[in-house]
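K.L.:
Fold the following for me, if possible:
(one chain, ligands or ions: 1)
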Amino acid sequence: MEIFLDSALIEEIRAVKKLGLLDGITTNPTLLSKTGKPWKEAAKEILKEVPDKPVSLEVVATDFEGMVKEARELAKMGDNVVIKIPCTDEGIKAVKALSSEGIRTNVTLVFSSLQAMLAAKAGAAYVSPFIGRVDDIAYDGMLVVEEIVQMFNIYGFETRIIAASIRHVDHVRRCAQLGVDIATIPYKVIMQMFKHPLTDVGLKRFLEDAKKAGISIL
Ligand code: G3P
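P.N.:
I've put the predicted structure just below:
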């Protein structure tokens, strides 16, 4: 499973890059607003830091013409830019047009397997089901992801699934169990993935025993 960072904060991007685990970046207007910088400056900074992995930037127009125009502009910012398009009828039309121009899209705000199917049929490179926001309305967001994985396997869609709106490590674990292509994960959750209390306890014991036994490697 590929690990994308769901963030526009350059410090977080650099930190995950240093871990050697960064496969791509996803942003949205909310995440860009958190940088406190003008959006274009923040986006350029991200693309400079990550020039060779997919970076999703989202349109803000909601009509077909507007989305296509914005997507073309965003695509000029880098070969690795992927255009996030909301899953509406106008959005899906835009995905179809953009994919015929060779512009890669990531259909976002997906909350059902039918929406994911429409995105795949329109030629989206990626589809982003939101897990946490479905959980927020008292349903199980993972069930939506599971349906999408099954459906894409049945039909052999090439569109890749990016599990988004991930709130905790168990979302990541369940995505990996399902064979989801990509999880886009907030920085805090990526760091939590390293943690296990038994690792801490075990390491403490090994270090104490190494000291007792006089083990010193170098
Ligand atoms: O990238 C979009 C998505 O991950 C948003 O997550 O936590 O705002 O629902 P959240």
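
K.L.:
Please, which helix or strand holds residue 176?
P.N.:
Taking DSSP states H and E as the definition, residue 176 sits inside helix 169-178.

K.L.:
quick one: contacts of that helix?
P.N.:
By CB atoms under 8 Å, 6 or more residues apart in numbering, the surrounding residues in contact with helix 169-178 are 1, 131-132, 141-142, 145-146, 149, 163, 166, 183, 185, 189, 192-193. Glycine gets a C-beta too; all of them are placed from N, C-alpha and C.

K.L.:
and which of those is nearest to residue 65?
P.N.:
residue 163 (30.9 Å; CB to CB).

K.L.:
Need the per-residue pLDDT for residue 9.
P.N.:
pLDDT for residue 9: 98.

K.L.:
With adjacent residues omitted, what lies nearest to it?
P.N.:
In space, and not counting its chain neighbours, residue 9 is closest to residue 35: 6.1 Å by CB to CB, 6 or more residues apart in numbering.

K.L.:
Can you classify that neighbour by secondary structure?
P.N.:
coil (DSSP: H, G, I helix; E, B strand; the rest coil).

K.L.:
Mind listing what's buried along the helix or strand residue 12 falls within?
P.N.:
Residue 12 belongs to helix 10-19 when assigned by DSSP H and E. Neighbour-count burial for helix 10-19, with 16 or more other CB atoms under 10 Å as criterion, is recorded at 10, 12-13, 15-16.

K.L.:
Does it reach the ligand?
P.N.:
No: Helix 10-19 does not reach the ligand (CB under 6 Å from any ligand atom); its nearest approach is 13.5 Å.

K.L.:
Distance from the chain centre to stretch 67-75, please.
P.N.:
Chain-centre distance of stretch 67-75: 20 Å, with CA atoms, centre = their mean, to the nearest Å.

K.L.:
what about that stretch, average pLDDT?
P.N.:
98.

K.L.:
which outside residues touch it?
P.N.:
So stretch 67-75 is contacted by 57, 59-61, 81, 83, 85, 90-91, 94, 97-98, 101, 103, 105 (CB under 8 Å, 6+ apart).

K.L.:
mind redoing it with 6 Å?
P.N.:
Under the criterion CB atoms under 6 Å, 6 or more residues apart in numbering, residues 57, 59, 61, 81, 83, 94, 97-98, 103 lie in contact with stretch 67-75.

K.L.:
quick one: which of these is nearest residue 137?
P.N.:
residue 59 (25.1 Å).

K.L.:
Pull out the buried positions in stretch 176-183.
P.N.:
178, 180-183.

K.L.:
Show me which residues of the protein sit near the ligand.
P.N.:
6, 26, 28, 130, 132-133, 164-165, 184.

K.L.:
just to revisit the earlier point, and which of the contacts of helix 169-178 is nearest to the ligand?
P.N.:
Within the contacts of helix 169-178, proximity to the ligand (CB to the nearest ligand atom) peaks at residue 132, which comes in at 4.7 Å.

K.L.:
which residues touch the closest one?
P.N.:
165, 167.

K.L.:
on that earlier part again, going through the residues of the chain next to the ligand, which ones are buried?
P.N.:
Among these, those classed as buried by neighbour count (16+ other CB under 10 Å) are 6, 26, 28, 130, 164-165, 184.

K.L.:
Rebuild these as a markdown table, extending it with pLDDT.
P.N.:
Shown next, in a markdown table, are those (pLDDT from 0 to 100):
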| residue | pLDDT |
| --- | --- |
| 6 | 98 |
| 26 | 98 |
| 28 | 98 |
| 130 | 98 |
| 164 | 98 |
| 165 | 98 |
| 184 | 99 |
